[in-house]
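S.K.: Following is a predicted model, sequence given first.
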Amino acid sequence: MKTEIKLIAADLDGTCVRYDPRLEVDPVFVEALAPLLTNGTRWVMNSDRPVRHMSEIALNLSPKYRPVALLTRQTHIFLLNESGEYEPHLAWNKAQERLHRKLWDDIEPFFPSWKRLLEDEFIVFDSYVDSEVFAFNVAEDEVEELRERMREIIAPWPESQVSGNNDWMFVLHSSFSKRKLLAQAARLLKVKPEETLAVGDGLNDLSMLDGIFTPHVGCPANSCAEVKKAVRDAGGFLSGKEAAAGSAEVVRHYCG
């Protein structure tokens with residue numbers, strides 16, 4: 001007997017989107033969601049992309065397939081309103097912003113020297129360093145080394161952490177996580193953890209895939225080794241297919 005899933009949380013990059021002909025939710029994933037959404041299941045995007053990217057992706061979908069919430073950067077929640085717009089959950093978002101600001105006030109003065117250090121030690125393809133983000137993009141085979149180096153740099157600040165996916169690493173407040181964000185969204189939507197399914201592929205997805213919030217977890221075949229281990233240890237489903245096709249298989253495994 002299949003579990004009654006009332007809420008599906010999906011990461012975007014590497015999990016349920018495609019990039020050609022444009023960045024959008026892959027029709028393969030939408031096809032897996034469609035019959036569930038018709039019967040009352042809802043879904044949320046849980047990504048470290050900024051909300052402007054996420055809302056563009058969401059609003060490109062037919063209204064009946066749009067996520068009911070955007071969970072962004074492990075900090076903010078935006079809820080779909082009756083007008084078809086995503087509005088901020090202000091009380092929650094403001095609280096996270098205060099934590100972020102307190103940490104940034106402490107570490108932002110060091111950003112120029114940290115940036116120079118990382119650019120000297122790694123081949124940096126791209127970076128964002130500002131009042132909101134301290135993030136670096138490197139080759140996939142250098143991600144683990146970059147993660148450890150960044151952890152060394154921020155070690156004096158226990159309220160900080162390093163998070164990331166398969167090619168980006170970034171600094172966050174230690175209390176932020178996709179699990180925490182999903183748990184809050186589920187409470188707002190009046191959905192129990194055991195009625196929730198979480199799907200993702202990257203290091204930043206680990207907190208919602210380790211079985212602590214929900215036992216219903218899965219990942220596509222392109223997931224990093226840490227994610228595969230976490231899903232396996234939680235008794236979740238590892239698809240043999242990659243990206244959106246694999247995530248669609250996870251959805252069908254639990255809900256089909």
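M.R.: Arrived safely, thanks for sending.

S.K.: Can you give me the pLDDT of Glu140?
M.R.: You'll see Glu140 listed with a pLDDT of 87.

S.K.: again but with Gly256, I slipped
M.R.: Per-residue pLDDT puts Gly256 at 82.

S.K.: do you know how far it is from Gly14?
M.R.: As judged by CB to CB, to the nearest Å, Gly256 and Gly14 stand 22 Å apart. For every residue, glycine as well, the C-beta is placed using N, CA and C.

S.K.: So which of these two has more stuff around it?
M.R.: A direct count of neighbours by other CB atoms under 10 Å for Gly256 and Gly14 places Gly14 higher, at 24 against 11.

S.K.: Any buried residues in the longest helix along the chain, and which?
M.R.: The residue-count maximum for a helix in the chain (DSSP state H) belongs to helix 90-107. Judged by neighbour count (16 or more other CB atoms under 10 Å), helix 90-107 contains these buried residues: Trp92, Gln96, Leu99, His100, Leu103, Trp104, Ile107.

S.K.: Including distance to Leu23 and pLDDT, could the residues you listed go into CSV?
M.R.: Shown next, in CSV, are the buried residues of helix 90-107 (distance: CB to CB, whole Å; pLDDT from 0 to 100):
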residue, distance to Leu23, pLDDT
Trp92, 27, 97
Gln96, 26, 97
Leu99, 30, 98
His100, 26, 98
Leu103, 30, 98
Trp104, 28, 98
Ile107, 31, 98
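
S.K.: Rebuild these as CSV, extending it with distance to Asp233.
M.R.: Listed next are those as CSV, based on distance: CB to CB, whole Å:
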residue, distance to Asp233
Trp92, 30
Gln96, 29
Leu99, 29
His100, 31
Leu103, 30
Trp104, 34
Ile107, 33
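
S.K.: Which two of the residues you listed have the greatest separation?
M.R.: Trp92 and Ile107 (23.3 Å; CB to CB).
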